[in-house]
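In: I would like the atomic coordinates for the input below:
(one chain, ligands or ions: 1)
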Amino acid sequence: MGQNSLTITDNRTGKTYELPIEHGAIRAADLRAIKTDPDDFGLMSYDPAFMNTASCSSRITMIDGDKGILLYRGYPVEQLAERANFLEVAYLLIYGELPTTTQLAQWIHEITHHTMIHENVKKFIDGFHYDAHPMGILVSTVAALSTFYPDARQVNDAKSRELQIRRLIAKMPTLAAFAYRHRMGLPYAYPDNDLSYCGNFLNMLFRMSESKYAPNPILERALDVLFILHADHEQNCSTSAMRTAGSSQTDPYSAVAAATAALYGPLHGGANEAVLHMLREIGSTNRIPDYIKRVKAGELKLMGFGHRVYKNYDPRAKIIKKVADSVFEVTGRSDLLDIALELERIALQDDYFIGRKLYPNVDFYSGIIYEAMGFPISMFTVLFAIPRTAGWLAQWLELVNDAEQKIARPRQIYLGPARRDFVAITERG
Ligand code: SDX
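Out: Predicted structure coming up:
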């Protein structure tokens, strides 16, 4: 095999260029040397939606889309879901190694003691309509936190970064739970520091008149596993939003707000909510063939199916199917599960889906579990944003510490009108 380089001949000039190949990629900036004359700007690469562009180098998460493999800092997500807890995985993503017993205890203590939010934040939440979408409340209130922690703007101060990371991981569940309580017309339930991260989240959501909420351990563990599975996923849409916003050196609260807004979309984190609406619309297994026909006619997308990277079964979907069994033992089996299982069975045998390598992704089964656990559909994407905050922050920290990175400012191919003079309104046709 030849040396690690690409030889390009520009047929416009007959010149050849040698471009080095590193880690399976060429540097797009190297294309600028390819010019037709000295005044030429040089070549760019054109890649709408970044289908084949690496925006950064990273050591956090690796996906092998063809093999359906997902590694967090080299550890298979299956092993972490089986043997770790979410805060342990959050530490791994952010610091690169699994914590020792002492490190984990300190990490849990610090996060547990940052779960409270400023009382004034409640006034923002109270200002929303009762039926405001919780994601709209979450985007707004996490951005508002930047005004309570102006020290977060010191993004080049390592100690400040560490503090904001702990505050954000700790406070996202509180903001989420308060948004839920507002929607339900219930008083806010404050954090209980005696409980685990997920146990306390369930406490802030579902505590009623009891003085001490006791989370169901099976549901607490199920949520912990679901949080592990949703923690990070390479340079997905919302992580790219986090990195782009972070590249301007804005504070991490504002960057997380940008990422949360990107996650909100139905093609991304909003898909788990869209799956439930789809399953409810289908209504019964005998109506699946008609629905599949509409999907194949291009009228609709099969929500919870397909992925930009996975061209095999999303490994997270496999684990979530197992979590469903443990949850349904407590909550009773969801009537939607049969529709989902039959939809998957039919789709996986149909050439339309096979040919496009469309398999269930992380969102296909998660919503069924969340609904069985008592969450309203509007909370599903919020349940995605909470754990993904650890991944967004790990990626943000890597960006801040990456000497190669600077403010993100892509180029464009301009196809608009050439220079022309203003036309007075009386002369416009
Ligand atoms: C997440 O990036 C990540 O890592 C995201 C995520 C994470 O953890 O951060 O994994 C979380 O966002 C999972 C994806 C959740 N979204 C959905 O379930 C929505 C439904 N899925 C699709 O919208 C779609 O599959 C995407 C957005 C997920 C991926 O879209 P791509 O890579 O841009 O693929 P595409 O739209 O170019 O599709 C290729 C072909 C097209 O058909 P043709 O035009 O070639 O005939 O496949 C078809 C698409 O129409 N297709 C689907 C489909 N997804 C793709 N057809 C029907 N149903 C679908 N779901």
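In: Check what contacts stretch 98-110 and list those residues.
Out: Applying C-beta atoms under 8 Å, 6 or more residues apart in numbering, the external contacts of stretch 98-110 come out as Tyr75, Ala84, Leu87, Glu88, Ala90, Tyr91, Leu92, Arg166, Ala170, Tyr197. Glycine gets a C-beta too; all of them are placed from N, C-alpha and C.
In: Of those, which are in range of the ligand?
Out: Counting by C-beta under 6 Å from any ligand atom, nothing from the contacts of stretch 98-110 sits close to the ligand.
In: From these, list the buried ones, please.
Out: Burial by neighbour count, judged by 16 or more other C-beta atoms under 10 Å, picks out Ala84, Leu87, Glu88, Ala90, Tyr91, Leu92, Arg166, Ala170, Tyr197 from the contacts of stretch 98-110.
In: Just the ones of these in helices?
Out: Secondary structure defined by DSSP state H assigns Leu87, Glu88, Ala90, Tyr91, Leu92, Arg166, Ala170, Tyr197 of those to helices.
In: Which member of the residues you listed is positioned nearest the ligand?
Out: Using C-beta to the nearest ligand atom, the shortest approach to the ligand within those belongs to Ala90, at 15.4 Å.
In: now the ones in helices among the buried ones among the contacts of stretch 98-110 as a markdown table including pLDDT?
Out: Rendered in a markdown table, the data for these read as follows (pLDDT from 0 to 100):
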| residue | pLDDT |
| --- | --- |
| Leu87 | 98 |
| Glu88 | 98 |
| Ala90 | 98 |
| Tyr91 | 98 |
| Leu92 | 98 |
| Arg166 | 98 |
| Ala170 | 98 |
| Tyr197 | 98 |
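In: got TSV for the residues you listed, with distance to Ile63 too?
Out: Putting these into TSV (distance: C-beta to C-beta, whole Å) gives the following:
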residue	distance to Ile63
Leu87	23
Glu88	21
Ala90	19
Tyr91	21
Leu92	16
Arg166	27
Ala170	28
Tyr197	25
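In: from these, which two are the most distant?
Out: The two members of these with the most space between them (C-beta to C-beta) are Leu92 and Ala170, at 17.4 Å.
In: Who are the contact partners of the residue in the stretch 301-429 of the chain that the ligand sits nearest to?
Out: Nearest residue of the stretch 301-429 of the chain to the ligand (C-beta to the nearest ligand atom) works out as Gly306 at 2.3 Å. Gly306 makes contact with Arg356, Leu358, Tyr359, Asn361 under the criterion C-beta under 8 Å, 6+ apart.
In: Give me the phi and psi for the third one.
Out: Which is Tyr359. For Tyr359, the backbone dihedrals (degrees, to the nearest 10) come out as phi -120, psi 160.
In: Leaving out sequence neighbours, find the closest residue to it.
Out: Once flanking residues are discounted, Tyr359 sits nearest to Tyr313: 4.6 Å by C-beta to C-beta, 6 or more residues apart in numbering.
In: In three-state terms, label that neighbour for me.
Out: Counting by DSSP: H, G, I helix; E, B strand; the rest coil, the backbone at Tyr313 sits in coil.
In: mind listing what it touches?
Out: With contact taken as C-beta under 8 Å, 6+ apart, Tyr313 is in contact with Gly68, Tyr359, Pro360.
In: Tell me which residues are up against stretch 329-343.
Out: Where contact means C-beta under 8 Å, 6+ apart, the residues beyond stretch 329-343 that reach it are 216, 218-219, 275-276, 279-280, 282-285, 288, 291-292, 302, 324, 328, 364-365, 368-369, 371-374.
In: Give the ChimeraX command for selecting the buried subset of those.
Out: Buried members of those can be picked out in ChimeraX with the line below, counting by 16+ other C-beta under 10 Å:
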select :219,275,276,279,282,288,291,292,302,324,364,365,368,369,371,372,373
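In: rewinding a little: JSON lines please, covering the contacts of stretch 98-110 and showing distance to Leu223.
Out: As requested, these are arranged in JSON lines below (distance: C-beta to C-beta, whole Å):
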{"residue": "Tyr75", "distance to Leu223": "20"}
{"residue": "Ala84", "distance to Leu223": "14"}
{"residue": "Leu87", "distance to Leu223": "12"}
{"residue": "Glu88", "distance to Leu223": "15"}
{"residue": "Ala90", "distance to Leu223": "14"}
{"residue": "Tyr91", "distance to Leu223": "18"}
{"residue": "Leu92", "distance to Leu223": "18"}
{"residue": "Arg166", "distance to Leu223": "20"}
{"residue": "Ala170", "distance to Leu223": "16"}
{"residue": "Tyr197", "distance to Leu223": "9"}
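In: Between those residues, which sits nearest Tyr149?
Out: Top of the list for closeness to Tyr149, among the contacts of stretch 98-110 and by C-beta to C-beta, is Arg166 at 11.3 Å.
In: Let me see the ranges of the strands in the chain.
Out: For the chain, the strands identified by DSSP state E occupy 5-10, 15-20, 61-64, 69-72, 75-76, in order along the chain.
In: What residues of the first one count as buried?
Out: To tie it back to what came earlier, the one meant is strand 5-10. Neighbour-count burial for strand 5-10, counted by 16+ other C-beta under 10 Å, picks out Ile8.
In: Phi, psi for Gly332 please.
Out: Here the main-chain torsion angles of Gly332 (degrees, to the nearest 10) amount to phi 90, psi 150.
In: Of the strands of the chain, which is nearest Pro187?
Out: That would be, of the strands of the chain and by C-beta to C-beta, strand 69-72, which comes in at 37.3 Å.
In: partners of that closest one, with directions?
Out: Sheet pairing here is set by DSSP bridges, and for strand 69-72 it gives strand 61-64 (antiparallel), strand 75-76 (antiparallel).
In: Would you mind finding the most buried of those strands?
Out: Taking mean count of other C-beta atoms under 10 Å as the contact definition, the stretch among the strands paired with strand 69-72 with the greatest mean neighbour count is strand 61-64, which reaches a mean of 17.
In: Local confidence estimate at the nearest residue to Leu163 once chain neighbours are set aside?
Out: Distance criterion C-beta to C-beta, 6+ apart; nearest residue to Leu163, sequence neighbours excluded, is Asp151 at 7.5 Å. We have a pLDDT of 96 for Asp151.
In: now do Asp290
Out: pLDDT, read off for Asp290, is 96.
In: Not counting its neighbours along the chain, what's nearest Asp47?
Out: Counting by C-beta to C-beta, 6+ apart, the residue nearest Asp47 is Thr53, at 4.5 Å.
In: can you pull the contacts of that neighbour?
Out: With contact set as C-beta under 8 Å, 6+ apart, Thr53 has these partners: Ala28, Ser45, Asp47.
In: Cheers, nothing more for now.
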